[in-house]
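S.K.: Following is a predicted model, sequence given first.
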Amino acid sequence: MTEPLSPADRAAVRAQLGRPPRGVYAVAHRCPCGLADVVETEPRLPDGTPFPTLFYVTCPRLAGAVSTLEASGLMREMTERLNADEELAAGHRRAHESYLARRAALGEVPEIENVSAGGMPVRVKCLHVLAAHALAEGAGVSPLGDETVALLPPWWDQGRCVR
């Protein structure tokens, strides 16, 4: 469930990213430490640029943990499984459709129509997108996002990423 982005959230996200957030309008998921770790962005940035990434990981510890999974070859393995497992492929397609519907509710952007993110619906190109989608929407929406989240260490264990 999203929450409006408060001034304190905006400041924390700015500190997490090391730059002002662009097009962010809501907190899509909070870390157990209380800070936003996934935000929801408008499908068109304030400068007019189409932005297909609806859910964006902002916490540097979460982003680093996901990057470690990416470096392990997990994306290649997941893509191979998509090609061999019709049920998994159908679930990944449903995740793509869910992503598109949620983004379309914020506004239509013809330049990115039918384009989700993370390689959906036919491959796995970015685990950050899949994990962010799973964290934002909850378990059961993105099967490969759920798998990614299940493999993550507790990124919040050492406290807040922003003091």
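M.R.: Sure thing, it's come through. None of the values given here were measured: they were computed from a predicted structure.

S.K.: Show me which helix or strand of this protein is least confident by mean pLDDT.
M.R.: One helix or strand of the chain scores below all others by mean pLDDT, DSSP states H and E: strand 3-4, with a mean of 94.

S.K.: and the next element down the chain from that strand?
M.R.: The helix or strand immediately downstream of strand 3-4 is helix 7-17, counting by DSSP states H and E.

S.K.: quick one: contacts of that following helix?
M.R.: 3, 5, 20-21, 24, 27, 35-36, 39, 58-60, 161-162 (Cβ atoms under 8 Å, 6 or more residues apart in numbering). From N, CA and C alone the C-beta is placed, and that goes for glycine too.

S.K.: Parallel or antiparallel, list what pairs with the least confident helix or strand of the chain.
M.R.: strand 24-30 (antiparallel) (DSSP bridges).

S.K.: Contacts for the partner strand, please.
M.R.: 2-5, 9-10, 13, 36-42, 55-56, 132, 135-136.

S.K.: Check which element follows that strand along the chain.
M.R.: Next along from strand 24-30, by DSSP H and E: strand 36-41.

S.K.: avg pLDDT for that next one?
M.R.: Averaging pLDDT along strand 36-41 gives 98.

S.K.: Stretch 150-163 now?
M.R.: 94.

S.K.: Now do it: distance to the chain's middle.
M.R.: Put simply, stretch 150-163 sits 16 Å off its chain's centre (Cα atoms, centre = their mean, to the nearest Å).

S.K.: again, but for stretch 14-21
M.R.: 16 Å.

S.K.: can you tell me the distance between the two ends of it?
M.R.: 6 Å (Cα to Cα, to the nearest Å).

S.K.: So for that stretch, what gets flagged as buried?
M.R.: Neighbour counts using 16 or more other Cβ atoms under 10 Å place Q16, L17, P21 of stretch 14-21 among the buried residues.

S.K.: No more questions from me, cheers.
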